[in-house]
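K.L.:
the sequence isn't on hand, but the structure is:
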């Protein structure tokens, strides 16, 4: 019985003390928060887009491993792209991006991009354009996934050589 009471108190203590003081849309750790858990861990989007957009890069080259779609896959996708692509790509830009002393940015996966749209842009937060944004999720050797912030639709038929908007993200 004592073990059950102690375990219950530990669980209650964990949940009552772990609430984050930050919320979606706050500027924190270099960007706008668009995902946060009760322990204060999450994702933030850089404060602004890359002016003029960028190409995804490596047209006609299949990047092994850059196909992760889920929240949490963007960082590895970006590493795979940077390791295999010599072009000045959207991923390379994000990998080299730095703001407020933070230099661990990456190109979001398609689902991270959709989450950024629903949590920030759809609520008029983050100063996004209403155009297409590249994700780090490759579709095939000629194209990659993008998300249109004007129509709220994802697409996979965009030519990797097309310049689209880019918004780096980072984990915290």
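P.N.:
Arrived safely. No experiment lies behind these values; they were computed from the predicted model shown.

K.L.:
contact partners for residue 148?
P.N.:
131-133, 154-155 (C-beta atoms under 8 Å, 6 or more residues apart in numbering). (Glycine included, C-beta is placed from N, CA and C.)

K.L.:
among those residues, who's most crowded?
P.N.:
Taking other C-beta atoms under 10 Å as the neighbour criterion, residue 133 ranks highest of these with 25 neighbours.

K.L.:
let's have the contacts of residue 148 in TSV, adding distance to residue 98.
P.N.:
Shown next, in TSV, are the contacts of residue 148 (distance: C-beta to C-beta, whole Å):
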residue	distance to residue 98
131	24
132	25
133	20
154	29
155	30
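
K.L.:
can you show me the strands along the chain?
P.N.:
27-28, 31-36, 42-45, 132-140, 143-148, 153-159, 169-171 (DSSP state E).

K.L.:
nearest spatial neighbour of residue 155, skipping sequence neighbours?
P.N.:
residue 146 (5.4 Å; C-beta to C-beta, 6 or more residues apart in numbering).

K.L.:
pretty sure that neighbour contacts residue 160?
P.N.:
No - if you go by C-beta atoms under 8 Å, residue 146 and residue 160 don't touch, sitting 10.3 Å apart.

K.L.:
out of the strands of the chain, which gets nearest to residue 74?
P.N.:
With C-beta to C-beta, the closest approach to residue 74 among the strands of the chain belongs to strand 132-140: 5.0 Å.
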